[in-house]
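Colleague: for reference, the sequence and a predicted model appear below.
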Amino acid sequence: MALTSTPTDLPNSVWAATAPAPIDTQPLAGDVTADVVVVGAGYTGLSTALHLAPDVDTVVLEASEIGFGASGRNNGLAIPTLAKADPEEILRTFGPEKGEATIALIRDSANLVFNLIREHDMEKAGEQNGWIQPAHSPGRMKLVERRLQEWTSRGAKADLLSREALRDLIGSDAWHGGWIAHEGGTVHPMAYARGLAKAAVGKGARIHTRSPATALERVPEGWRIRTPDGSVTAERVVLATNAYSDDLWPRLRRTFVPVKTWQMATKPLSDNVRKSILPGRHALSDTRGDLQFARYDWEGRLVSGASLIFDINSEERLKSMVGARLQRNFPQIGEVEWDYVWSGFLAMTPDFLPRLHVLAPGVFSWLGCNGRGVALATAMGPVLAELARGGAPENAPLPIMEPREMPLHGLVTRFARSDLWRRRRLDAVEFGG
Ligand SMILES: Cc1cc2nc3c(=O)[nH]c(=O)nc-3n(C[C@H](O)[C@H](O)[C@H](O)COP(=O)(O)OP(=O)(O)OC[C@H]3O[C@@H](n4cnc5c(N)ncnc54)[C@H](O)[C@@H]3O)c2cc1C
């Protein structure tokens, strides 16, 4: 699957329709040199470029437009945790030293997002008013209590929410309680991507859109990356292509499964309804394997979504399925009407943990957000920037892993979405149904 070999337009998303205009960028024309070349202008590539500037001369190449990939399509929940692994599991897998460093990176990741938004005065880009994770079953409430303990004992600012406290905060009785991570929040995904790009360019980075990197070769000066109308020669390379990785580094895209997920935005809700559903405009995503989530955009649309196993008649099925879920969770919403439906790909790894790679001397990459990349991809920017400055890989907070190609990758990718059946069954069993 060549996801980016043909640059395409932005999807018809609420984010593309309502973001402040992007900075002016042009395709790369001619042969240039730089210290570092970054491939991909999503949060990873842009945060890397921003953290390299102004002292490291950096060129960013983007196949399509800024935020074309997951960064311009996501739900915008800035969450300072991983989707599955909690601190104790991270410690077991990464070991005590790297485990603690990774936990600290994740714990501080949403703060980094909102600090960047404030520091660079990014227009309409984010609100740090907390992420709420409600528990959909008594069993998951136990998980929430353990999760809260593991994160707060390591310095996260978070609180348990009783069923009553949760009801007051979100306007729903559909969940059993939950927790709130106060440092989380919501971003306008495209405004944030464009804000990062503007900040990086303001500090001296060069960004070329409509410039797919088509070949990467070793040269005496380091590496040369070719685009249709030019090339960049640089000592070091950061591949920030994540779920949208193509054949530029063929092994990379066989280390994860790109999973399609859908997003959709209602028509703006009335003032009255908005006063009773998520009145504090919190970010919300629950404990289900088949995740239920919602947040507002700036115009009062509720932005939610879902996954599907088959792409048949997708939009109509999504509208009725997600509409029914919203009505179940928030009966006061009334009839649900939709303004936008779009989709994107996220990168899933077999153990749901992120991967940091040194692919060759001077070539770095990370991937595997597993659905938690708004804050994490931003936080990987400084990590990749330090490597691209020549920092020792052993000092990185995450362990450097060999890129492990998945056996039967094509087959696994084709059937990845059927795992939704298993997750739905587990969700129902845990609910006691
Ligand atoms: C529908 C959806 C909802 C999500 N919701 C959330 C959420 O609410 N919270 C959360 O934390 N995470 C969420 N995520 C995950 C999050 O959006 C991603 O983890 C994050 O945006 C990844 O950023 P990135 O910069 O690493 O990759 P991307 O934003 O995907 O950027 C990769 C870029 O590389 C470019 N590229 C690829 N190949 C080439 C090439 N050869 N040459 C030049 N450019 C190339 C692509 O065009 C693309 O723009 C969601 C993801 C999706 C798809």
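Modeller: Happy to help now that I have it.

Colleague: pull the residues that contact the helix-or-strand element of the chain with minimal mean pLDDT.
Modeller: Using mean pLDDT, DSSP states H and E, helix 409-415 stands out as the lowest-scoring helix or strand of the chain, at a mean of 80. Residues from elsewhere that reach helix 409-415 (Cβ atoms under 8 Å, 6 or more residues apart in numbering): 1, 254, 257-258, 406. Heads up, the C-betas are built off the backbone N, CA and C, glycines and all.

Colleague: can I assume Ile207 sits in a strand?
Modeller: Yes. Membership of Ile207 in a strand is supported by DSSP: H, G, I helix; E, B strand; the rest coil.

Colleague: name the nearest residue to the closest residue to the ligand within the stretch 301-433 of the chain, sequence neighbours excluded.
Modeller: Residue nearest to the ligand within the stretch 301-433 of the chain: Gly373 (1.6 Å; Cβ to the nearest ligand atom). Nearest non-adjacent residue to Gly373, counting by Cβ to Cβ, 6 or more residues apart in numbering: Ala70, 6.4 Å away.

Colleague: what about Gln263, neighbour count?
Modeller: Neighbour count for Gln263, taken as other Cβ atoms under 10 Å: 25.

Colleague: just the buried positions in the helix or strand harbouring it, please.
Modeller: Assessed by DSSP states H and E, Gln263 sits inside strand 257-266. Neighbour-count burial for strand 257-266, counted by 16 or more other Cβ atoms under 10 Å, picks out 257-259, 261-266.

Colleague: so which residues on the stretch 251-400 of the chain come close to the ligand?
Modeller: 261, 263, 344-346, 369, 371-375, 377 (Cβ under 6 Å from any ligand atom).

Colleague: if we use 5 Å, what do you get?
Modeller: Residues of the stretch 251-400 of the chain found near the ligand, taking Cβ under 5 Å from any ligand atom as the criterion, are 261, 263, 344, 346, 369, 372-374, 377.

Colleague: what stretches of the stretch 251-400 of the chain score poorly on pLDDT?
Modeller: Flagging of the stretch 251-400 of the chain using pLDDT under 70 yields an empty set of residue ranges.

Colleague: give the contact list for Ala78.
Modeller: Contacts for Ala78 (Cβ under 8 Å, 6+ apart) come out as 109-110, 113-114, 126, 128, 131, 184-187, 283, 374-375.

Colleague: among those, which lie within helices?
Modeller: 109-110, 113-114, 374-375 (DSSP state H).

Colleague: quick one: end-to-end distance for stretch 282-300.
Modeller: Here the two ends of stretch 282-300 are set 12 Å apart, with distance taken as Cα to Cα, to the nearest Å.

Colleague: show me how far that stretch is from its chain's centre.
Modeller: Taking Cα atoms, centre = their mean, to the nearest Å, one finds stretch 282-300 lying 14 Å from the centre of the chain it belongs to.

Colleague: show me what counts as buried in it.
Modeller: Those buried within stretch 282-300 under the rule 16+ other Cβ under 10 Å are 282-297.

Colleague: report the two of these separated the most.
Modeller: Among the buried residues of stretch 282-300, the pair separated by the greatest distance (Cβ to Cβ) is Gly289 and Asp297, at 26.0 Å.

Colleague: before we move on, the earlier item: please identify which of the buried residues of stretch 282-300 is nearest to Ser245.
Modeller: Scanning these for proximity to Ser245, where the rule is Cβ to Cβ, the winner is Leu291, at 23.5 Å.

Colleague: for the nearest residue to the closest one once chain neighbours are set aside, give its distance to Glu100.
Modeller: Take Leu291 and drop its neighbours on the chain: the residue closest to it by Cβ to Cβ, 6+ apart is Ser285, 5.7 Å away. The gap separating Ser285 from Glu100 is 26 Å, by Cβ to Cβ, to the nearest Å.

Colleague: if we can go back for a sec, need the contact list for the residue nearest to Leu291.
Modeller: Counted by Cβ under 8 Å, 6+ apart, Ser285 has contacts 75, 77, 79, 131, 133, 291-293.

Colleague: which residues pair with it across the strands?
Modeller: Residues in a beta bridge with Ser285, per DSSP bridges, are Phe293.

Colleague: heads up, I number from 42, so please use that
Modeller: With the count now opening at 42, the last piece we talked about shows up as Ser326.

Colleague: for the most centrally placed residue in the chain, give me its contacts.
Modeller: Here the mean C-alpha position of the chain is nearest to the C-alpha of Gly414 (Cα atoms, centre = their mean), at a distance of 2.6 Å. Contacts for Gly414 (Cβ under 8 Å, 6+ apart) come out as 84-85, 111-112, 115, 283, 387.

Colleague: let's have the residues you listed in a markdown table, adding secondary structure, neighbour count and distance to Val344.
Modeller: Below are those laid out as a markdown table (DSSP: H, G, I helix; E, B strand; the rest coil; neighbours: other Cβ atoms under 10 Å; distance: Cβ to Cβ, whole Å):
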| residue | secondary structure | neighbour count | distance to Val344 |
| --- | --- | --- | --- |
| Tyr84 | helix | 32 | 18 |
| Thr85 | helix | 32 | 22 |
| Ala111 | helix | 26 | 15 |
| Ser112 | helix | 33 | 15 |
| Asn115 | coil | 29 | 10 |
| Asn283 | helix | 29 | 21 |
| Leu387 | strand | 25 | 16 |
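
Colleague: distance of the residue nearest to Gly414 relative to Thr302?
Modeller: In terms of Cβ to Cβ, Ala111 sits 9 Å off from Thr302.

Colleague: okay, and the common contacts of these two?
Modeller: Counting by Cβ under 8 Å, 6+ apart, the residues touching both Ala111 and Thr302 are 385-387.

Colleague: quick one: buried residues of the least confident helix or strand of the chain?
Modeller: Of the residues in helix 450-456, 453-454 count as buried by neighbour count, 16+ other Cβ under 10 Å.

Colleague: how about it as CSV, C-alpha atoms only?
Modeller: Taking C-alpha atoms only, helix 450-456 is exported to CSV below (Å, rounded to 0.1, in the frame of the first residue of the first chain):
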residue,chain,number,x,y,z
HIS,A,450,2.6,-8.5,7.3
GLY,A,451,0.3,-8.2,4.3
LEU,A,452,-2.1,-10.7,5.7
VAL,A,453,-2.1,-9.2,9.2
THR,A,454,-2.7,-5.7,7.7
ARG,A,455,-5.6,-6.9,5.6
PHE,A,456,-7.3,-8.6,8.6
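
Colleague: avg pLDDT for whichever helix or strand comes after that helix?
Modeller: Proceeding N to C from helix 450-456, the next assigned helix or strand is helix 460-471, under DSSP H and E. Summarised as a single mean, pLDDT over helix 460-471 is 84.
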